[in-house]
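> predicted model and sequence follow; I will ask about them next.
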Amino acid sequence: MFQNQPENSHFVGRTSRSAPFMPPIHESAAPPARGNDNMDNELSGRTDKRILWTQEEDLRVMSAWLKNSVDPITGTNRRNEQYWDDVARTYNETTPSHRQRNMKQVKDRWHKINKWTDLFHCAWVKARRLNTSGWNDQMWIDEAHKFYVEDNKNLKLGHFVLMNVWYAVRNEPKWITYNDGLKNARKRKASDQGAEEEEEEVDPFDVSGKTRPIGQKAAKRAAFEPKVHSMSSSTEDADVTILKEAQANRFKVLEVQQKLSLERLESSKISHLAAKEHKEAKLAEKESKSLEVKPKMMDIFNLLLVKDVGLMNDDEKADHVATLKYLKKSIFPDMY
């Protein structure tokens, strides 16, 4: 009867007014009396048939989980049963009474939705990583649908149809962190199991006297410890060598700086002496010239003093007086 129903469906059992959420009724259970069928249907408001999950209900299941996961008031510090009771209550608040689900149904459905959505999200990330040049979001989504089917052939999931759920959680840090934690836990568990299988166990009944080989982990530790000691000793030697080289380089720099300083000081002294000698030479040259000129100027001065000015006009007299004053000032500077 139900062989062609889709995989994302669920049985919902009959309920009563005193117990609104009853577990599903299995096919092997005894059927109720024929006379009570109409009464049970009136009380429960539903019939004994499979009620399929719609995509809109899947979205509300995920939204209820997300709301309770990021609730800033209550947070996630609740027991598992209490937490999923709250998720189911949030989902049923916006669900008609004839399609409401109990806690177990909501929890089981959420885990299926989350698994499919996370597998598609991984396919989308793969498409983004492999195709980056000139692609838009719709191209990545189309490629992700192909990867979703190809990478999960063994699960026989078919085409991914929960796009509205993926759009709702693709950028939610809480949802991404939760699924990353699940994948990391699976990887650690698989690696631990592989390591345990590789290690050889000691047979307590082996009396042959032969020494059993150590396990893989012990062999790795034994091989790694000498490397650690050699690395630490080599590191210490390298540090000492580096310090010595740095100190030697510092001494070399100080010696060069001191040598340059002495050279600059000597050069400054030489320049100062050269300037002083040049100045003294100029003064000496000036004085020698002065000594040679003074006698001539004195002779001229004496001649002008005795010269008769009676035959001179006024301009000549003025020039005569000015010349005498200049010669007198030059010959006898101490008088002024």
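On my side now, so go ahead.
> shaky segments in the stretch 1-150 of the chain?
Scanning the stretch 1-150 of the chain with the threshold set as pLDDT under 70 gives 1-49, 71-77.
> just the strands in it please.
Along the stretch 1-150 of the chain, the segments classed as strands by DSSP state E, counting those that start in this stretch run 9-11, 50-52.
> partner strands of the last one, with direction?
Spelled out, that is strand 50-52. Note on strand 50-52: by DSSP bridges, its sheet partners are strand 9-11 (antiparallel).
> in stretch 140-157, what's buried?
By neighbour count with 16 or more other C-beta atoms under 10 Å, stretch 140-157 contains the buried residues 140-141, 143-145, 147-149, 152, 157. The way it works is simple: take the backbone N, C-alpha and C, and place the C-beta from them, glycine included.
> turn those into CSV, including distance to Q82.
Listed next are the buried residues of stretch 140-157 as CSV, based on distance: C-beta to C-beta, whole Å:
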residue, distance to Q82
W140, 39
I141, 37
E143, 41
A144, 36
H145, 38
F147, 38
Y148, 34
V149, 38
N152, 33
L157, 32
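> nearest to A274, of the residues you listed?
Top of the list for closeness to A274, among the buried residues of stretch 140-157 and by C-beta to C-beta, is W140 at 81.8 Å.
> correct me, but the closest one touches T132?
No. Taking contacts as C-beta atoms under 8 Å, W140 lies outside contact range of T132: 9.4 Å.
> if I pick K279, what's in contact with it?
K279 makes no contacts at all, as judged by C-beta atoms under 8 Å, 6 or more residues apart in numbering.
> doesn't it lie inside a helix?
Yes. Judged by DSSP: H, G, I helix; E, B strand; the rest coil, K279 forms part of a helix.
> okay, it: pLDDT?
Here the pLDDT value assigned to K279 is 86.
> same check on H320?
For H320, the predicted pLDDT is 85.
> which residue is the nearest non-sequential neighbour of it?
V309 (6.1 Å; C-beta to C-beta, 6 or more residues apart in numbering).
> wait, a helix at the one you found?
No. Counting by three-state DSSP, one finds V309 to be coil, located in no helix.
> and the helices in the stretch 201-336 of the chain, which stretches?
All helices of the stretch 201-336 of the chain, identified by DSSP state H, counting those that start in this stretch, fall at 216-306, 314-331.
> these: lowest mean pLDDT?
For the helices of the stretch 201-336 of the chain, where the average pLDDT is lowest is helix 216-306, sitting at a mean of 76.
> taking helix 314-331 as reference, get the angle to it.
Between helix 216-306 and helix 314-331, the angle comes out at 130 degrees (axes from the mean of the first three to the mean of the last three C-alpha atoms, to 10 degrees).
> I'd say the residue nearest to H320 and D319 touch.
No. Contact criterion C-beta under 8 Å: V309 and D319 do not qualify, at 10.7 Å.
> among the buried residues of stretch 140-157, which one lies nearest to T54?
L157 (18.4 Å).
> quick check: closest non-adjacent residue to the closest one.
Nearest non-adjacent residue to L157, counting by C-beta to C-beta, 6+ apart: W116, 6.6 Å away.
> the one you found: neighbour count?
Neighbour count for W116, taken as other C-beta atoms under 10 Å: 23.
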